[in-house]
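Visitor: Fold the stuff below for me.
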Amino acid sequence: MVEYRLDATFRALAHPTRRGMLASLALGDKSIGELGEPFAMSFAGAAKHVKVLEGAGLIERRKAGRKQICTLKPAPLAEAEAWLKQWGKFWSARLDRLQALVEAHPKESPNG
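Guide: Numbers count the residues shown, from 1 in each chain. Purely as a prediction, here's the structure:
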């Protein structure tokens, strides 16, 4: 289940418009129209992006009169962060080994 959610999360985050929408939702709930406004897109275009975010579990929609209000759901982002942290540890270990190798060898002059 987590692997599927990670796939959906990263797919949703792959588009800059959707990342911008999530950043906007981090400041508070917004309607679909409000989410699309900074990107000068139609309601239909914004709704397509919202559908991807909702499918990834990153947002939740509810009706408020004639508007659809979106709310950020950060749990999938926490899962993605945890997955990325494991790779951060991997690369830190690799870079530490590289640094040790560089420091163990005296600096060679460019003229040989």
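
Visitor: And Lys67, its phi and psi?
Guide: phi -100, psi 150 (degrees, to the nearest 10).

Visitor: Tell me who's in contact with it.
Guide: Ser31, Ile32, Gly33 (CB atoms under 8 Å, 6 or more residues apart in numbering). The way it works is simple: take the backbone N, C-alpha and C, and place the C-beta from them, glycine included.

Visitor: Okay, and which of the residues you listed map to helices?
Guide: Counted as lying in helices by DSSP state H, out of the contacts of Lys67, are Ile32, Gly33.

Visitor: Give me the buried subset of the contacts of Lys67.
Guide: Among the contacts of Lys67, the ones that count as buried by 16 or more other CB atoms under 10 Å are Ser31, Ile32.

Visitor: could you redo the contacts of Lys67 as TSV and give each row distance to Phe43 and pLDDT?
Guide: Shown next, in TSV, are those (distance: CB to CB, whole Å; pLDDT from 0 to 100):
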residue	distance to Phe43	pLDDT
Ser31	10	97
Ile32	6	96
Gly33	6	95
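
Visitor: how near is Ala46 to Leu84?
Guide: Note on Ala46: its distance to Leu84, by CB to CB, to the nearest Å, is 28 Å.

Visitor: quick one: which of those two has more around it?
Guide: Applying other CB atoms under 10 Å to Ala46 and Leu84 shows that Ala46 carries more neighbours, namely 21 against 11.

Visitor: ok, and that one, which helix or strand is that part of?
Guide: Assigned by DSSP states H and E, Ala46 belongs to helix 43-55.
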